[in-house]
Structure formats: C-alpha cells, structure tokens
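Trainee: Got a sequence here, can you model it:
(chains A, B, C and D, ligands or ions: 4)
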Amino acid sequence: MADQAVSRPASSFRLPSLSALGPLLALILLVALGAFLNDNFLSQGNITNVLARSAFIGMIAVGMTFVITSGGLDLSVGSMAAFIAGVMILAMNALLPSMGVGVPLILAGMGVALAVGLAAGLANGLLVTRAGIEPFIVTLGTMGIFRSLVTWLADGGTISLDFAVRQLYRPVYYSGLFGIAWPILVFALVAIAGQVAMRHTRFGRYCEAIGSNDKVARYSAVSVEGVRLATYVLLGLLVGLATIMYVPRLGSASGSTGMLWELEAIAAVIIGGTALKGGYGRVWGTVVGVLILSLIDNILNLADLVSPYLNGAIQGVIIVLAVVLQRGKKSSA
Amino acid sequence: MADQAVSRPASSFRLPSLSALGPLLALILLVALGAFLNDNFLSQGNITNVLARSAFIGMIAVGMTFVITSGGLDLSVGSMAAFIAGVMILAMNALLPSMGVGVPLILAGMGVALAVGLAAGLANGLLVTRAGIEPFIVTLGTMGIFRSLVTWLADGGTISLDFAVRQLYRPVYYSGLFGIAWPILVFALVAIAGQVAMRHTRFGRYCEAIGSNDKVARYSAVSVEGVRLATYVLLGLLVGLATIMYVPRLGSASGSTGMLWELEAIAAVIIGGTALKGGYGRVWGTVVGVLILSLIDNILNLADLVSPYLNGAIQGVIIVLAVVLQRGKKSSA
Amino acid sequence: AQGKKAVIGVSIPSATHGFMGGLNWHAQETIKRLKATYPNLDFVLATAGAVGKQVNDIEDMMATRNIDALVVLPFESEPLTSPVKAVKDAGKWVTVVDRGLSQEGIEDLYVAGDNTAFGRVAGEYFKANLKSGAKIVVLRGIPTTLDNERVDAFRKAIDGSGIEILDMQHGNWNRDKAFSVMQDYLSKHKKIDAVWAADDDMAIGVLEAISQSGRQKEMWVVGGAGMKEIVKRIMDKDPQLPVDVTYPPALISTALEITALRFVSDTPVYGRFIIGSTLITPANAAQFYFPNSPF
Amino acid sequence: MTAAPVLELRDVRKSFGPIEILHGIDFALHPGEVHALIGENGAGKSTIMKILGGFLEPTSGQVLLDGRPAPYASGAEAEAAGVVVIHQEFNLAPDLTVTENIWLGRELGRVFLDHKAMRAGTQALLDQLDTHISPEARIADLPVSDRQMVEIAKALSRKARVLIMDEPSAVLTQREVEILFRQIDRLREQGVALLYTSHRLEEVTRLADRITVLRDGAVVRRALRGELTEDGMATAMVGRDLQDIYPERRHSMGEVALEVRGFHVPPLVHDVSFTLRRGEVLGISGLVGSGRTELAEGLVGLRPATGDVRRNGVAVHIRSVRDAAHHGMAYLTEDRKERGLLLDKTLRENLTLSTLPRFGTPFISDAREETALTEAIGEFDIRAPRRDMKVGNLSGGNQQKLLLAKTLLPDPEIVIIDEPTRGIDVGTKSQIYAFINELASEGRSVIVISSDMPEILGLSDRVLVMRQGRLAGELEGERISETNVVRLVMGTSEGANGEAAHG
Ligand SMILES: Nc1ncnc2c1ncn2[C@@H]1O[C@H](COP(=O)(O)OP(=O)(O)OP(=O)(O)O)[C@@H](O)[C@H]1O
Ligand SMILES: Nc1ncnc2c1ncn2[C@@H]1O[C@H](COP(=O)(O)OP(=O)(O)OP(=O)(O)O)[C@@H](O)[C@H]1O
Ligand SMILES: [Mg+2]
Ligand SMILES: [Mg+2]
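Mentor: Ligands and ions are numbered 1, 2, ... in the order given. Predicted structure coming up:
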C-alpha cells in the first residue's frame, strides 16, 4: 500500500553520491573536454594549479553551504577576505620589528586572520539573528563596509607584506606534502570535515531542519538562533582560513582583493545542488561546483577562442548547461 | 507569541501606505540629513538630478519586485541593460543612412530596445520555467552572456550613438513636461502602474500566491509557469524601457554600462520590504528603496567626509540602519 | 620545413573601461598583424577581470601552453610580482607593460606610460592657465596605486599656485558614475573654474553633466588617455576641452612588437621604454587621432 | 476519586490582539486517564492545548504542573518536562526524512550521529504503529495520513507524562485509528495523562474517561465516562439539538456527465474506468495509499495521466487545473496546508484565488470580493475573529470550511472532494452534507473521497472501492453496506472481481 509512495524518495537519501552524479557528470565532461583540447591539461602541474586555486573559493563555499542550507546568505565573503588579508598583513608588518622574521610571526598572522574572520562572521551573524534583519541586507551592508575599510587601510592602494616575511610564508601556498600542495590538502580536509559535519553531526542536521522549517526546528528544542549564528561564524572562520592560504600567494591586499568571490561561492553551492531557499545541503556537490567553475576558466585558457570578449558568454553557457545536465540526471534517476 | 503575527497583516493589507512607513521614515531622515548637510540639497536642480538618476534602477526594480515576489530572482538586469543599449545604438546607427535623422529613427530605436528586452526576458523566463533551472543560475549565466556580447559588439570599447541622432534624442533624458524631467515622469508612471498591478490585478495577486506557495497556486488553477514567465518578460521590457531613457543621457554603451545594477535593484526591492523568499511584494516600498539608495550616494557626494575611501562603509551602515528602522517600525505597528 | 614556433603569452586586464577597451583592441590588432608577418610566432591572449584570475592565467600559460615569453600588464603590481618572477625563473622572456612590478630587475623589457607625468602634465596645465584662488574639482579613478600616483603628481604640480581643490571623489573611470558625481559637484559648488576628470571616459560624463546644468561657459575640463572623441573635439577647438593628456593604450602594441623582435631577429632589445604623457592641444591633436580605434 | 492532576489550567484567559478567545478556563489532566476536549470549530480547543504544551502563553491565569506553576516557557522546555503535543497542523520539517524528524532535537550519538541506532529506533516505532512508512522517506513526499502517523510516532518516542493530541485521527482511516487507540490504551495503563480531541464523537465515547465540552471559549459541560451520549455531546457543543446529520437521498440521476475509461496515473493508479451521472454522489473508498487522491489529481490535470475521459460524451484532454475548471470540474485537496490554502494570506485572497477573473478585469473589485467573502462566511459558517486575518491563524475546521467555499466558488458541474469534512465539527458537518446533497439535486455531480466510513455510506449513491491503485469493486443501492465496503477495501471479498465487472 504505502510502500510505492515510499520507494521513490528513498534512493536520494541512501546514496548521496548517486544524486551528486549530476554535477559530477558535468565535471567529467569538462575534464574530457580539457584533455581533448590540450595535451598538458592532465599534467600534474596543471591539475595542481587548478585545484590549488580552487581552494580559496572552495573553503568559503563549504562554509557558504551551511549558511545557505539553514536559509541564510552571505554576500560579504569576498570583501571580508580582502579585509582579513589587509588586517593580517598590517598586523604581521607591525609585529615584524618585535618578533623578527620567523615561524612565530607567521603563526601570529594566522591567528589574527582567524580572529578577524571570527569577529566578522559574528558581526554578520548577530545582525541577522539578534537584530532580525534579512541576511541579504546585512551582508550587502557589511560587504560595503569591509571593502571600504580595506581600501581605507590601504589608502587606496595596496597593502604589501614585508618581502622577507613573504619569502618565508610563500611555501604555504606553493609547496606541500607528498607532492600535494598545501591549499589542496587544507581544502580537502575542510571539504571532508564539512561533508561529515553536514551528514553526521547535529549541527548539519539542525542547519537542514532550520532551512526546511525554522518553526518546526524551534518546537523541537533546536536553538535556531544559535545554529544560525554558528553558520555565519563558521563561514567567517573559513574565510579567515582561505585568506591564510591566499596571502602567501599574492602577498598583498587591496580594495579589489576577493572581488566577486561571493558570487562565485554562492554559484558553486547552487551548482552543487544545495537549494537556495535552504533545507537541503550538499557539501560534496559544492566541491564539485567549485571545481566546475575553476575548470571552465582553465579550459578557456587552453583553447584559442574567437574573441576573448566572449569568454564570459561561454562561461555563462557552460554554467547553465552544467546545471541542466544535473537536473536532467536527477529527474531521471 | 503568535498574537503579533495576527495584528500585522491586517494593517499591512488595509493601508499599504501605513506599513510602508518604515522605509519612508528612513527616507525622510535621509532627506533631513541631506538638507542639514547642504543648503543646495533641496534645490530643484538637485532633486531633479537625484530622481532622474534613480529612474533607471527604479524601473528595473519595479519589475524585479514582481520577479522576487513570485519567488524568482534576476541577476542579469545590469548586463541586459548594457546589451540592449548596445544593440539599440548599433541599430540606430545602422538605420541612420536609410531613415535619416528624425523621430522615426528614434522610435525605431525604442522599438528595438523593447524587442530585445522582451527577447532577453523571455530567454531568462523560459530557462527558468521550461528547463526548470534555478533562477539564480540561469540569470548568473545570462548575466555573463549579455555582458560578454556587448563587450564583443563594442570591440572592447564604447558603442556611441551618431552625434546628430544624439542631439535629437537628448531631450528624452534632459527635458521634460511641466518642469519635470521625462525619466522622472516615466518612472512615476511605471511605479504607479506597478503598484496598481501588484495590488489590484490578477497578475499581482498570482505573483504573491506563487511566491507564497506555488503548489497551492497550481491547485488553484493559476498558471504558475505562465505567470513566472510573465514576470521575467515584464522585467525584460522594463529593462528595455530603462535603457530607452538611459541611452540619451550619455549616448553610449560599453562593457561597463549597467555594472552592478542588479545588486542595486535587488537591494532596493528588499529594503522596500518585499520578502526575498517571495510571497509578498511592495512596489511602493521598492520605490522608496530606490530613492534611499540614490540619496545615500547624493549625500555622500554633497557632504565632506573624512575620506572618500569610506563612502562604501557609510553606505553599508545606512542601508542596514534603514532596514533596522523599518523592521522596528513594523513590529511595533 | 619550419622550425618550432615561438609562443608569446599575453596577459592583460579585460576591457572594463574605455582605456582598457582601447588597450584590448590594440593588443588584438597587433597580434593579428604580427602573426601574419611572422608565421613562426604564436600568441596566447588572456584577459582577466580580477587579480587572482590574472595570476591563474599566467599559471595556465606556463603549465599548458608552453610559452616562450610573457607580455603582461599587471592588474596590480604587488600580487603579480611573484607569479611573474616565477615565469622569469623558468627561463622565459618577460615583458612588463604599464605597471611596474614591486621588485626591480625581473623583467627583460619594460614598456610603460608614465603615471606621474600623467598627473604632472595635467597639473602644470592647470597651474599655467588658472589664476590663484581658482576653484577646481577632481574626479579620481578606482582606488588603486596608479590612481594615487596620478593624483599625488597632480597635487604636487599645482602646489603653490593658489588653486583650490574643492572636492575629490571617485568616479571609477566610469561615465555614469562620473556623470552623477559631477552633477552633485555642480549642485554643491556655486563656482567651479575647471575640472580634472583624469580620464576621457569620465570627461564624457562630466561634460554631459555640465551641459545639463548650462554652466558650460564657467569651466573647462581636462580628461586623460586620448580617446578619439575627445581628441576630435580638441581638434575642433572646443573651448570646454582645451587639452588632453595622453596615456596611449597603444603602448601594448609597442611592447608586443619589441618582444616579437626577440624571436624574429638576432638582436633582442632589453630595457625600459617609458612613453611619456604629452599634452594634446589643438595644434598637435591630429597626430593623436585614430578614427578606427574603438577608443 | 483519581490521583491529583498532573497538569492544570486555572482561570486561563487568552486574547489575540483585542479579541479574547478563552474566557477563564479551569481544566485538569489526571494520570492514567483520557480526557476528551470537544467543541465546535473555533471553540478554542487547539488554543488550550497550545497553552498546556507551552507553545502559547495565557494572557492571564495559571498553568500548573504537579500543582506548581509550570516551569516551562516554550514547547521545547515543556517537552523536556514530559508534556508532549501532537499538533493539529503538522509539525514536521518537510525536507527531512522520517527518521530525521523523529529524532530532531534529541539525536543519538556523541560527536557523530548514530544513524543506525536512530534508524532502528524509528523502525521499531513504525512497527509498533504497524505502518509501512520507510524511515528514509522524505516528509514532503508522504501523503498526509502518513505524515500524521509520523507525527504520532514522534510523540510516542518522547517519554511523555502528559500526551496532548489535537485531532490526531482526522486524517487517518479506520485501520490507523485502531492502531492509535491501542497505543492510547497502552499509555493510559502506564499512567500517562492523555488529552484527546476529535470531531468524531464515537471516538470520544470509546476513549474518554472524562469529557469537557467547550463552547465559544468557555467550558459548558463536564462529564465522566458514560454520562454523555453522542447526541448529548453534540447538543452540548452546538447548544441545540441535532437531527440526523445525513440528508435524505432522493437524487434523480441524469445523463452521464463524465466517463473515464482505462485511466492510468503512473506510477500507482492503473486501468480505472467509471462513469459519473448528473445528480449523482459517487463515493470512493479505500485504504490510505490506495491511490484515490492520485486518481482524482490525475483527473483534474495535476498529475500526468493517460486514458479516455469524456465530458458529456465529448473526449477531453485535461492537462491542468485550468483545463479542468474550463470543463466545469473542481477538486478539493486533502492537504489543505500545503496545497489548499495560502496560510500567510487573508481569507479574501484565498477564497477568490481560483476564480479571480470573475472579480473584474483588469482590476479586481475589492467590493465584489468582500461580498463573496461575506456570502461564504455565512453559507459555510466560517468563524473568524477578524475578516482580515491570516488564514493560518484560523482554527483547523474553519480553514477546511474556507477551502470548501473556495473550491465551490467557481460553481463547478463536477466536484471532486477529497476528505470533505476533515476536522469539521458535527454541527457543520451536517451543513456540509446538506450542501453536497443540494449540489447533486441541482444536477451537478459529486465525487466524495473519504476515509470516514459512515460518511461514505451516508452520502453516496454509488461507491467505488480502490485497492492498490486499481478499482476493487463498485457497490450500488442496497449493496452499499459497511461489510461490503470493508471486504472490498481489504480484498477479502471473493466476489470482488465480480463486483468490478458489474460496473
Ligand atoms: N494566532 C492567532 N491569532 C488570531 N486568532 C487566533 C490565533 N490562533 C487561534 N485564533 C483564533 O482562536 C479561535 C480558537 O481557535 P482554535 O484553533 O483553538 O479552535 P479549535 O477549537 O481548535 O477549532 P477546530 O476544531 O476548528 O480546530 C479561532 O477563532 C481562531 O481563529
Ligand atoms: N511519493 C510521493 N511523492 C509525492 N507525493 C506523494 C507521494 N506519494 C503520495 N503522495 C501524495 O500523497 C497523497 C496521497 O496519495 P495516495 O493516492 O497515495 O493516497 P490515497 O489513496 O488518496 O489515500 P489517503 O488520501 O487516504 O492518504 C497525494 O496527495 C499524493 O500527491
Ligand atoms: Mg483545532
Ligand atoms: Mg487521499
């Protein structure tokens, strides 16, 4: 009797990897396209490049997955990253005379980055949960504020890390462990931890419950405000972590650092199959979404197009196609 | 706990002007601030400037109100405007030899703008309703596509309207009727029509119903896909109309035309009190939201601040405050 | 039989405003021309909308396109320094265009406009043509180091002239933004003698705002870069636009041509080429006028 | 005579805005007893239950737990104190699975969730309730009846001292109701204090040790088991005597209005054929999940379906509710919260949603809408404290009445009503039956899908029984009896196939 009704939805829950097949398929097609266009595409160098540079947006997107899943949104992450990078560099430069070039200085900088990220996330979270303002407005506001502050700190120009410190810090982006670059390792850890947190901890469960119906969650003794706040704080921390990996790459911050990262992070989350309205989050999908977005850029660089002006158009078409593919797969699955 | 929930809708439905008091209050405070900071703020010239500048975003935001109310989103409007402007100017330049400088040429250009707007809106709408892709992804894709296309059409530079045609067309932005500039008049008409459509026609009612619960709407014989499609088409047409008023201003279009208009339009809608999740739309509030946003810019230019680098921060703070004010007002009403 | 083709990677910011649009156009035209002239040269062009993307582009060129030389116009100097250095360290030829890297001696060839001169030339014109006590307004670009250089040079040049800068806001090198900012300047200030718009795109918006207010007679405007419409109006002796300051987008062509020489002749050219900023006046305007350029 | 009350209300008043809903209620729950709270729609039953459960705060008066002021300020805290509520409206997160909902807020496992244990626990609960719902099913994909069973399972999983049930049986069929009763009996024996409300008075007779009758927010009668007959209860609730609630059936049937042949609604419904005449009331009975709703939704274009449908002898293709409306067909959904009403909109907007074109083009005439609302309120006895309130704040029964008014507003020729009287009080029920009867006597055709056996028997001219997506049989005239229907429903009738051939 009821078993027919039930057999349908079951599959999508038992095997999350199966329903992630949609974006995965798009990813596989992109890889095939890349390999076809250029022999060097699958070289270790290129793969490392693509993965390492996905890491920043990737970590942020993992945090964004939790925010969106619980029904929120954060437009401020890009400028938050710029702000954190600015403060971090200024702090390291300021501490340099007293601490000297060395690992402790780097660690201090990392601490500052995480602390600022935490504070920024807390600010967003408190405005959303305490003041009860729409996340869109709160983070649109803080987006302007962070961006402005970093421009002001940089006096309109660029904040640069002391050269000697930079030399010491560089390997954090450029070298790695067992031939795998650090950013890739850290991103992988964040992604796995995120996936586990989403699927196997109360926190993830509560995010989904709140995004699905916050009244029900409240009735079930879930601390709705607390969990919401935690998602923003987590995202802030991950932006801090992303910045820690980003600064050694470029060694500087300016008003244009992290421009449009928010859009990319949100897009990755949505491409990965998380619902924009909340209630269902797929960290694994987000990772695939991030990779799809970086691969598109990479592939555009592999081939010679009619006109570089059309890059954006091709990018747009591929994004839409990737999602069509995904949805198509989903409904037939 | 639930009692406030009950008293609210009553007032907001009987007297939409009353619940719009929130953003209105913010607007009034801003005007007072402006008048205090600078004597010329309330001069006719300045008021006309601010209103006329608001007109483009304003018309787009009115259309966006319908899209968001019915649960959608459109990130492509800014680049759509650039694309329409580009095609419109190219079309007029191309028609010039055969039609000569004259009102018919201008009308032809306007026709092209509306037609392209309609087609672009239709494209967005069909991808959302037929292909069933998230509006966020669809319009993120078309955003890139339109922007790319106009850059390509402009060969990376600027598409300029023939000088003679421009002289004839200029008054559409710069002159007006009874001392009121055309853009202001057209915006006022669009706003009034929008408000009437939202409150007093089936279309508006259906938008709210779909945004509130699209299943219920479908079960109530509402053509959900049709109405959704119509909101995107309407928005496309309004972007076309906005472009018609925009082109005579500077007579040109480039890859940077309309940059970030989408964010401004969406922000205006949300500041105005429309819910981002859909279900409740307030065109009147959107108009106030648009005015708030332009006034902030105007006031920042008129006042002498510590540092122009901090403009963005002050803007952010005011946006958040405006909404706090509004929400505060609402819950106490 | 042909030898191995030399591949030159070209990385420039994308065409987000007039000047960059012109630069993009010149880059593409030059590449087309050079390809036709020298069959053993190949080019890889990438345009980036953000710093990070430009670094990615350069990495991709190295990893997948086997470039022999890199011509780069850094989005920002600081962040591009190490990635470009990495290219140099890999033994490739490096040409840096327009914006210097933050470390000396990386590039083989440096072709640039002169941002300091750009501000100074404009400032000197203001100093020479305005009386003490004259009031001017300034529109700045996007907050960047190069914008700071220009503005600082401009300030220094008018130093001691008694010219008063009433206001200085960011117009973001954008016509629309410049239009609104100028409208507000006009509401705010009763008397303005001149405007330094610092960019021809912004000048267009500024002129439009002035003509709307009907105050054309009151002030003149100086832009910058050498956009064809502006040059044309100088040629036509427009009293509102007495002069312009060059900052030619065509400098990318120079950079490409000299870099190409390295691979087609035996005499590679090293060094620094600074293309000075000169004043375009009605007298010399014709030589700066390229009606076919999109800029 | 019994132990001291566990949970008690003393002189509790409750106002929403300026309107007082409860006027000084005294009320107590005792351990090991089932206390039934009955009353008309909008009398205040759900409000009392929400106050007891900590979800609403009384405007004045006291809630006492074990004789002391209740130590909880929210539903969650109340639950921790052992007071558990099954709400009239569903309290489940639609995107989560059955297991996830049941354990929400009390998940097992230290750092990581213990999926296995929770799944096993869920399975055990569901087995206890004898349902076949999969623990992995998403709530949004479940029919309302299954959702109610999940709701019950969730409540049972909380170790309750006090269990408050707000119309738990309204969406259940007899079989599930029996299961529920067994659980209630078990809990009563364990000394749990139970509060139960239902508009099915026979259930009250069967369960209640104590009965409190509520009218217009005040207690009008208290009784112990056996003191009140069903008629007595009804009279106490409504304040007047009730006649037989089922109308006399005297339909003169006309020509065939709808003919359905070989109708399939994938994946469940197969090969259904039947005819419907003008002036006929056709009942459809079956177990939960037998496909009645899917059949109806297929007919009105809400689900993809195949087969021949003839309207007045002409073949028609109905692909959407609009098409159906065009052919004079209307469907009342069983799921009023998710598919029937816009809970955050007003009565007026809900009432006219499916018939807006009638209220003026291009502009909607507010005046005409208000007139329609006034009529609907009168005709269906919709009790709303305020006309301009959100529908979500109406009492459950009044929502159902509004949904009925909304569905019938287009004046359809053929009405398919899925669970017409779900949550409706006895007084109004007879009005609705009279209404259905009147529709038929006007020459319209009515299909009534109901899980309420007496309703099917009392209303129908002909009964179709569905089992596992197919027609199990058809009964007409004298042959319509409870035994015959139940046999077909359960598939125990040997003549089942013969019956089907007969149609
Ligand atoms: N949040 C609220 N705001 C305003 N009025 C409310 C609210 N909640 C309930 N009411 C009103 O209080 C009255 C009592 O409602 P309640 O839900 O308690 O009735 P009920 O006895 O459970 O009825 P039913 O049998 O229909 O479920 C109704 O008139 C209802 O409209
Ligand atoms: N797998 C499913 N996915 C989505 N909706 C479903 C699913 N199964 C059932 N439903 C919904 O549940 C409702 C019940 O449908 P079904 O035909 O199975 O039951 P029924 O015979 O009407 O029994 P009852 O109404 O008593 O539950 C319908 O509204 C249907 O849309
Ligand atoms: Mg109730
Ligand atoms: Mg049903």
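
Trainee: Could you use CA atoms for every contact and neighbour count after this?
Mentor: OK.

Trainee: How far off centre is the one helix or strand A:G226 maps to?
Mentor: Under the assignment given by DSSP states H and E, the secondary-structure element containing A:G226 is helix A:224-250. Once both centres are worked out by CA atoms, centre = their mean, to the nearest Å, helix A:224-250 turns out to sit 9 Å from its chain's centre.

Trainee: Ok, stretch A:25-32 next?
Mentor: 21 Å.

Trainee: same deal with stretch C:143-157?
Mentor: For stretch C:143-157, the distance to the chain centre is 13 Å (CA atoms, centre = their mean).

Trainee: May I see the buried residues of it?
Mentor: Going by neighbour count (16 or more other CA atoms under 10 Å in any protein chain shown), the buried part of stretch C:143-157 is C:143-155, C:157.

Trainee: Which other helices and strands does the helix holding A:G226 contact?
Mentor: helix A:44-69, helix A:77-99, helix A:103-129, helix A:171-174, helix A:202-212, helix A:214-219, helix C:77-89 (3 or more CA pairs under 8 Å, 6 or more residues apart in numbering or on different chains; DSSP states H and E).

Trainee: Nearest to chain B: which residue in chain D?
Mentor: Distances from chain D to chain B, computed as CA to the nearest CA, single out D:R339 as the nearest residue at 4.2 Å.

Trainee: now the chain, which segments are flagged as low pLDDT?
Mentor: No chain specified, so I'll use chain A. Residue ranges of chain A with pLDDT under 70: A:1-21, A:305-306, A:326-333.

Trainee: try chain D instead
Mentor: Along chain D, segments meeting pLDDT under 70 span D:1-2, D:241-244, D:249-251, D:493-503.

Trainee: Show me what from it comes close to ligand 2.
Mentor: D:141-145, D:287-294 (CA under 6 Å from any ligand atom).

Trainee: Mind giving me the ChimeraX command for buried ones among those?
Mentor: Selection of buried members from those for ChimeraX, criterion 16+ other CA under 10 Å:
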select /D:141,142,143,144,145,287,288,289,290,291,292,293,294
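
Trainee: what's next to stretch A:126-137, contact-wise?
Mentor: By CA atoms under 8 Å, 6 or more residues apart in numbering or on different chains, the list of residues contacting stretch A:126-137 from outside reads A:72-75, A:124, A:138, A:225, A:228-229, B:267, B:270-271, B:319-320, B:323-324, B:327.

Trainee: got the buried residues for it?
Mentor: Counting neighbours by 16+ other CA under 10 Å, one finds that the buried residues in stretch A:126-137 are A:126-129, A:132-137.

Trainee: A:L234 is in contact with A:V62, isn't it?
Mentor: No. With contacts defined as CA atoms under 8 Å, A:L234 does not count as touching A:V62, sitting 9.7 Å away.

Trainee: and the two? which has more neighbours close in?
Mentor: For A:L234 and A:V62, the more surrounded residue by other CA atoms under 10 Å in any protein chain shown is A:V62, and the numbers stand at 32 against 23.

Trainee: if I look at the more buried one, how far off is A:L235?
Mentor: Distance from A:V62 to A:L235, counting by CA to CA, to the nearest Å: 8 Å.

Trainee: number of nearby residues for whichever residue of the stretch 1-150 of chain C sits closest to ligand 1?
Mentor: Distances from the stretch 1-150 of chain C to ligand 1, computed as CA to the nearest ligand atom, single out C:A50 as the nearest residue at 51.7 Å. Neighbouring residues of C:A50 were enumerated by other CA under 10 Å; the total is 17.

Trainee: Wait, it touches C:F75, no?
Mentor: Yes. Because the distance of 7.1 Å satisfies CA under 8 Å, C:A50 is recorded as touching C:F75.

Trainee: Can you pull the residues of chain D lying near chain A?
Mentor: Applying CA under 8 Å from any CA of the partner chain, one finds that chain D approaches chain A through D:74-77, D:91-96, D:100, D:104-105, D:107, D:111-115, D:132-134, D:136-138, D:141-142, D:268, D:287-290, D:468.

Trainee: same thing with the stretch 151-295 of chain C?
Mentor: The stretch 151-295 of chain C comes close to chain A at no residue, as judged by CA under 8 Å from any CA.

Trainee: any low-confidence regions in the stretch 151-295 of chain C?
Mentor: Applying pLDDT under 70 to the predicted model, the residue ranges of the stretch 151-295 of chain C that meet it are C:294.

Trainee: what about the helices in it?
Mentor: Under the criterion DSSP state H, counting those that start in this stretch, helices of the stretch 151-295 of chain C are mapped to C:175-188, C:200-213, C:228-235, C:251-264.

Trainee: Please name whichever of those is nearest to C:I280.
Mentor: Distances from C:I280 to each of the helices of the stretch 151-295 of chain C were compared by CA to CA, and the smallest falls on helix C:228-235, at 7.6 Å.

Trainee: helices or strands up against the closest one?
Mentor: For helix C:228-235, the packing partners by 3+ CA pairs under 8 Å, 6+ apart come out as strand C:244-245.

Trainee: which helices and strands does the strand it packs on pack with?
Mentor: Looks like strand C:244-245 contacts helix C:115-129, helix C:228-235, strand C:279-280 (3+ CA pairs under 8 Å, 6+ apart).

Trainee: how about the ones you listed in CSV, adding distance to C:S265?
Mentor: Formatted as CSV, these follow (distance: least, CA to CA, whole Å):
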stretch, distance to C:S265
helix C:115-129, 32
helix C:228-235, 34
strand C:279-280, 35
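
Trainee: want to try CSV for the ones you listed, with mean neighbour count as columns?
Mentor: Formatted as CSV, the entries for these read as follows, by neighbours: other CA atoms under 10 Å in any protein chain shown:
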stretch, mean neighbour count
helix C:115-129, 21
helix C:228-235, 21
strand C:279-280, 21
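
Trainee: if we look at the sheet, which residues does D:R138 bridge to?
Mentor: When bridges are called by DSSP bridges, D:R138 pairs up with D:T97.

Trainee: Surely it and D:T99 touch.
Mentor: No. When contacts are counted by CA under 8 Å, D:R138 is not listed as touching D:T99 (9.1 Å).

Trainee: hang on, the earlier thing: put together TSV for the helices and strands packed on helix A:224-250, with distance to B:V116 on each row.
Mentor: Putting the helices and strands packed on helix A:224-250 into TSV (distance: least, CA to CA, whole Å) gives the following:
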stretch	distance to B:V116
helix A:44-69	34
helix A:77-99	33
helix A:103-129	39
helix A:171-174	46
helix A:202-212	38
helix A:214-219	42
helix C:77-89	40
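
Trainee: Can you say which of the ones you listed is nearest to ligand 2?
Mentor: The stretch from the helices and strands packed on helix A:224-250 with the least distance to ligand 2 (CA to the nearest ligand atom) is helix A:202-212; that distance is 16.6 Å.

Trainee: is the closest one up against chain D anywhere?
Mentor: Yes. Helix A:202-212 comes into contact with chain D (CA under 8 Å from any CA), by way of A:202, A:205-206, A:208-209, A:212.

Trainee: Going through those residues, which ones are buried?
Mentor: A:202, A:205-206, A:208-209, A:212.

Trainee: Turn these into a markdown table, including distance to chain B.
Mentor: Formatted as a markdown table, those follow (distance: CA to the nearest CA, whole Å):
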| residue | distance to chain B |
| --- | --- |
| A:R202 | 26 |
| A:R205 | 22 |
| A:Y206 | 20 |
| A:E208 | 17 |
| A:A209 | 17 |
| A:S212 | 13 |
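
Trainee: hang on, the earlier thing: and the residue of chain D closest to chain B, how many neighbours?
Mentor: Each residue near D:R339 was counted by other CA under 10 Å, and the total is 18.
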